[in-house]
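Engineer: After the sequence you'll find the predicted model.
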Amino acid sequence: MSDRAYALFEEQQKARGINLDEVKANLKALKIETPSWGYGDSGTRFKVFQKEGVPRNPFEKFEDAAQVHGLTGLAPSVAIHIPWDKVDDYSKLRSHAESLGLSIGAVNPNLFQDEDYMLGSVTNANAAIRRKAADHLLECVDIAKETGSRDLSLWFADGTNYPGQGDIRKRKGWMHEALSEMYKAMTPDMRMLIEYKCFEPAFYHTDLADWGMAFNMAQKLGPQAEVLVDTGHHLPGANIEHIVAYLLDEKRLGGFHFNSRKYADDDLIVGSVNPYELFLIFYQILNAAGDADPGVRQNVSNIAYMIDQSHNIEQKIPAMLRSVLNVQTQFAKALLINHAEVSAAAESNDVLGAEDAVRRAFEFDVTPLLHAIREEQGLPLDPMKAYLNSSYGKDILARGKGGASW
Ligand code: PSV
Ligand code: MN
């Protein structure tokens, strides 16, 4: 049955001029980093819920992440957040990850939970607090050296709630000062990924509020600084795929924090509310993958795809499985776009023809394709079912309640 479904699918795609061998190779190369904090207890600003079976330490978070990778082949690295994942010996954490078939991914400094940072970290008016924050950034560079991480992923909660509360231009300078110091400490193979967010926890202004501010900062710092697009960090109606195309054209797209948003930074399962947006993001990326400029093509191949979600009401591991599978599905659909057909229509000003050529790819059921690659990779055809039928979810209940939060 599955062979027949695939044969039909293959015939259909061939007729559209799609090379399925290439599509399959692209799908097998897709890597999505999962966040260590997505395996721990989390909550809203109203309550952190404690779940049974949640990892008690960073080592156990990697064990859970290994389930996601083992069943999907999609998630070989795990981002860490410091101090949430602080350990005495990072080489031990690194060997543990490697023994599970994983690597340690982006290192995320945390400059938002210390009492001192209530009025800002690197942009605090108090020089001693700014120093403390900059030192934490330097500490994270050292950690990345030990973990073998390429990416340092930065997000700042810095901002103000009221006009006059802070000198916006001074704060801009302080931000640049701290990032320059960090940039100089990085090794040549490291990247600084600068994340922006329009609001929350600050509500009047955020020091890095949008992609333009992050981009400007990255440009001032140098080629190892790039922009990180968290899909939940935009104002309603923002055209994220346009931002993606723009940054790719400037060769400054460092990566993504994928999650789903309806209202603000909802941090829910990516692709659960607006899968078409995710598909259109991949459309822009795949369009740039065929660019004449090798720099743009290189940027495409270096994009870090990461999940940034905290699952408060869902079971942690299945929620992470759902997330990486949703990304894979939309990527598969985007791979079915016939770019020559889209540009022919666009160039002849055939508005509906161009829109149709993009949308049509989204409308295909890619299940036979995904089953075929999973079979070829020796993976379960239905990773979610395989997890739910395994004993892992029951076995970890022995960890009890009160595991690591965030
Ligand atoms: C902030 O909302 C953010 O997106 C940053 O990436 C943080 O590091 C992460 O969430 C923490 O959950
Ligand atoms: Mn994020």
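Structural biologist: Thanks, I have the structure now. Ligands and ions are numbered 1, 2, ... in the order given.
Engineer: the strands in the stretch 251-400 of the chain, which residues?
Structural biologist: Here the stretch 251-400 of the chain has its strands, by DSSP state E, counting those that start in this stretch, at 253-258, 304-307.
Engineer: same check, this time on the stretch 51-200 of the chain
Structural biologist: With DSSP E, counting those that start in this stretch as the criterion, the stretch 51-200 of the chain has strands spanning 77-82, 103-109, 151-154, 159-160, 191-195.
Engineer: Let me see the contact set for the residue in the chain that ligand 1 sits nearest to.
Structural biologist: Using C-beta to the nearest ligand atom, Trp155 is the residue of the chain that sits closest to ligand 1, at 3.6 Å. Backbone N, C-alpha and C define where each C-beta goes, glycine included. Applying C-beta atoms under 8 Å, 6 or more residues apart in numbering to Trp155 gives the contacts 108, 112, 195, 197, 228, 230.
Engineer: could you pick out which of the residues you listed are near ligand 2?
Structural biologist: Near ligand 2, judged by C-beta under 5 Å from the ion, the entries from the contacts of Trp155 are Asp230.
Engineer: ok, which pair from the contacts of Trp155 is furthest apart?
Structural biologist: Spanning the widest gap among the contacts of Trp155 are Phe112 and Leu228, at 15.8 Å by C-beta to C-beta.
Engineer: Could you check which of those two is surrounded by more residues?
Structural biologist: Leu228 (28 against 14; other C-beta atoms under 10 Å).
Engineer: coming back round to it: let's have the strands of the stretch 51-200 of the chain in JSON lines, adding mean pLDDT.
Structural biologist: Shown next, in JSON lines, are the strands of the stretch 51-200 of the chain (pLDDT from 0 to 100):
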{"stretch": "strand 77-82", "mean pLDDT": "98"}
{"stretch": "strand 103-109", "mean pLDDT": "98"}
{"stretch": "strand 151-154", "mean pLDDT": "98"}
{"stretch": "strand 159-160", "mean pLDDT": "98"}
{"stretch": "strand 191-195", "mean pLDDT": "99"}
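Engineer: Which one of these lies nearest to Trp406?
Structural biologist: Among those, strand 77-82 comes nearest to Trp406, with 7.3 Å by C-beta to C-beta.
Engineer: helices or strands next to the closest one in the packing?
Structural biologist: strand 34-35, helix 58-72, strand 103-109, helix 127-147 (3 or more C-beta pairs under 8 Å, 6 or more residues apart in numbering; DSSP states H and E).
Engineer: just the angle between that strand and strand 253-258, please?
Structural biologist: Here the directions of strand 77-82 and strand 253-258 differ by 90 degrees (axes from the mean of the first three to the mean of the last three C-alpha atoms, to 10 degrees).
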